[in-house]
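> Below: sequence and its predicted model.
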Amino acid sequence: MSEQSGGKPQEDVITFDDFTKVKLRVGRVVEASDHPNADKLLVMKVDLGDEQRQICAGLKEYYKPEELVGKNLVVVTNLAPRMMRGQASNGMLLAAVTDDYSQVVIISPERDIPPGTAVS
């Protein structure tokens, strides 16, 4: 455990080299729908500039599918794919989440920028 500048202990510290292993890119949602086998998941097709990927996310309580189409978001692109209730998810979007999950807000660039743009 290390200390922040205010003297408060900080847990789970990573190095800069650890952080650079995470590949973040801007993705644009081109399709979104309810997951056929899950109450809380949405299934999205996301344009990453040079490819499109399917990503599943627990956003159904917070966003309607049609609200997401055309939206730019930040995607972790080098996370290992996983199956989520029978659907493949090939990335993870970033969102801010309150401790009680009363608010989940997608992290999005403040201005329009091409899909696939690196985030650093």
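Cool, the structure landed. Note that this is a predicted model, so its numbers are computed, not measured.
> contacts and neighbour counts: CA atoms only from here.
Noted.
> who's in contact with the most centrally placed residue in the chain?
The residue lying closest to the centre of the chain (C-alpha atoms, centre = their mean) is L93, at 0.7 Å. The contact partners of L93, taken as C-alpha atoms under 8 Å, 6 or more residues apart in numbering, are I55, A57, L73, V74, V75, V76, I106, I107.
> Could you grab the helix/strand/coil label for the third one?
Taking DSSP: H, G, I helix; E, B strand; the rest coil as the rule, one finds L73 in the strand state.
> max-length strand in the protein?
Across the chain, the strand with the greatest residue count (assigned by DSSP state E) is strand 24-34.
> That strand: what's the following helix or strand?
strand 42-47 (DSSP states H and E).
> on that earlier part again, put the alpha carbons of the longest strand of the chain into PDB.
Included here for strand 24-34 are C-alpha records, laid out as PDB according to Å, rounded to 0.1, in the frame of the first residue of the first chain:
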ATOM      1  CA  LEU A  24      -8.500   1.900 -24.900                       C
ATOM      2  CA  ARG A  25     -10.200   3.100 -28.100                       C
ATOM      3  CA  VAL A  26     -13.200   5.100 -29.000                       C
ATOM      4  CA  GLY A  27     -16.100   3.000 -30.300                       C
ATOM      5  CA  ARG A  28     -19.300   4.100 -31.900                       C
ATOM      6  CA  VAL A  29     -22.500   2.000 -31.200                       C
ATOM      7  CA  VAL A  30     -24.000   1.000 -34.600                       C
ATOM      8  CA  GLU A  31     -26.600  -1.400 -33.200                       C
ATOM      9  CA  ALA A  32     -28.100  -2.100 -29.700                       C
ATOM     10  CA  SER A  33     -30.700  -4.600 -28.500                       C
ATOM     11  CA  ASP A  34     -31.900  -6.400 -25.400                       C
END
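> what does it rub up against?
Here strand 24-34 has contacts from 41-49, 60, 65-66, 68-77, 109, 113-120, using C-alpha under 8 Å, 6+ apart.
> Please repeat the previous calculation with a cut-off of 7 Å.
Contacts with strand 24-34, where a contact means C-alpha atoms under 7 Å, 6 or more residues apart in numbering, come from 41-48, 65-66, 68-77, 115-119.
> Would you indicate which residues of that strand are buried?
Across strand 24-34, burial judged by 16 or more other C-alpha atoms under 10 Å covers L24, R25, V26, G27, R28, V29, V30, E31, A32, S33, D34.
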